[in-house]
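S.K.: this is a predicted model, with the sequence first.
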Amino acid sequence: MSKVHRDIEELRTESPRPETPEPDSRQGRRNPREAGVQLLDDDGAISIQLESCLKHIFAKYCTPKPSSPQLKKGELLEPPEGAYLSPEGLDSWARDTNGAPFDEATKEELLEFMDVTDDGGLTFKGFMQVYQLQTENDEEETWRDLSAHGFDRTLQLVAARREDSDADPRVTAQSPS
């Protein structure tokens, strides 16, 4: 083995960042093994864990709203059968996820290529299609989206956005004097 080849092999095996995925690693499967979850399953489909997170996110913005009683900490919302994102729900989801609503071109693309109702509402199937494509192409973007909605790298809901909670724990109730 030549000296140059041996040096390259040593660099590969003694990487200062061994947890960094190889360039040919599949998108959606780059989460550290010890996390115990991946965004995509072995067949490249959305994992069961990611689907649960996406249902929760979708349910926060869908029409009709979920009719679930008060959730306990860590419990996830479920969208009702036939739910969809109205144009307002789509804008709210995009704003909470990316900081701004989608532009008209992006909305038209979603309506053209994703599963929508006859009236143009994005269905949960369409929502899943969005995340399937995004995760296949840019896994980190999906992780950022999940983080924006309070999920950690183990896909556990660890933080609720203040706007989503009924009360801000930092504010104490004061009785009128």
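M.R.: Yes, it's here. Residues are numbered from 1 along each chain as shown.

S.K.: following the worst-scoring helix or strand of the chain on mean pLDDT, which helix or strand comes up?
M.R.: None of the helices or strands of the chain scores lower by mean pLDDT, DSSP states H and E than helix 3-13, at a mean of 45. Scanning forward in sequence from helix 3-13 by DSSP states H and E, the next helix or strand is helix 48-61.

S.K.: send the alpha carbons of that next one over as PDB?
M.R.: C-alpha atoms of helix 48-61 as PDB (Å, rounded to 0.1, in the frame of the first residue of the first chain):
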ATOM      1  CA  ILE A  48     -44.100   5.900  11.600                       C
ATOM      2  CA  GLN A  49     -42.500   8.200  14.100                       C
ATOM      3  CA  LEU A  50     -42.300  11.100  11.600                       C
ATOM      4  CA  GLU A  51     -45.900  10.500  10.500                       C
ATOM      5  CA  SER A  52     -47.100  10.900  14.100                       C
ATOM      6  CA  CYS A  53     -45.200  14.200  14.300                       C
ATOM      7  CA  LEU A  54     -46.700  15.400  11.000                       C
ATOM      8  CA  LYS A  55     -50.200  14.500  12.100                       C
ATOM      9  CA  HIS A  56     -49.700  16.700  15.200                       C
ATOM     10  CA  ILE A  57     -48.400  19.600  13.100                       C
ATOM     11  CA  PHE A  58     -51.100  19.300  10.500                       C
ATOM     12  CA  ALA A  59     -53.800  19.100  13.100                       C
ATOM     13  CA  LYS A  60     -52.800  22.500  14.600                       C
ATOM     14  CA  TYR A  61     -53.700  24.200  11.300                       C
END
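
S.K.: residue ranges with poor pLDDT in this structure?
M.R.: 1-35, 68-70, 160-177 (pLDDT under 70).

S.K.: do that again at 80, thanks
M.R.: 1-36, 68-74, 159-177 (pLDDT under 80).

S.K.: could you find the closest non-adjacent residue to residue 89?
M.R.: Leaving aside its sequence neighbours, residue 89 sits nearest to residue 61 (Cβ to Cβ, 6 or more residues apart in numbering; 4.0 Å). Glycine gets a C-beta too; all of them are placed from N, C-alpha and C.

S.K.: perfect, I'm done here.
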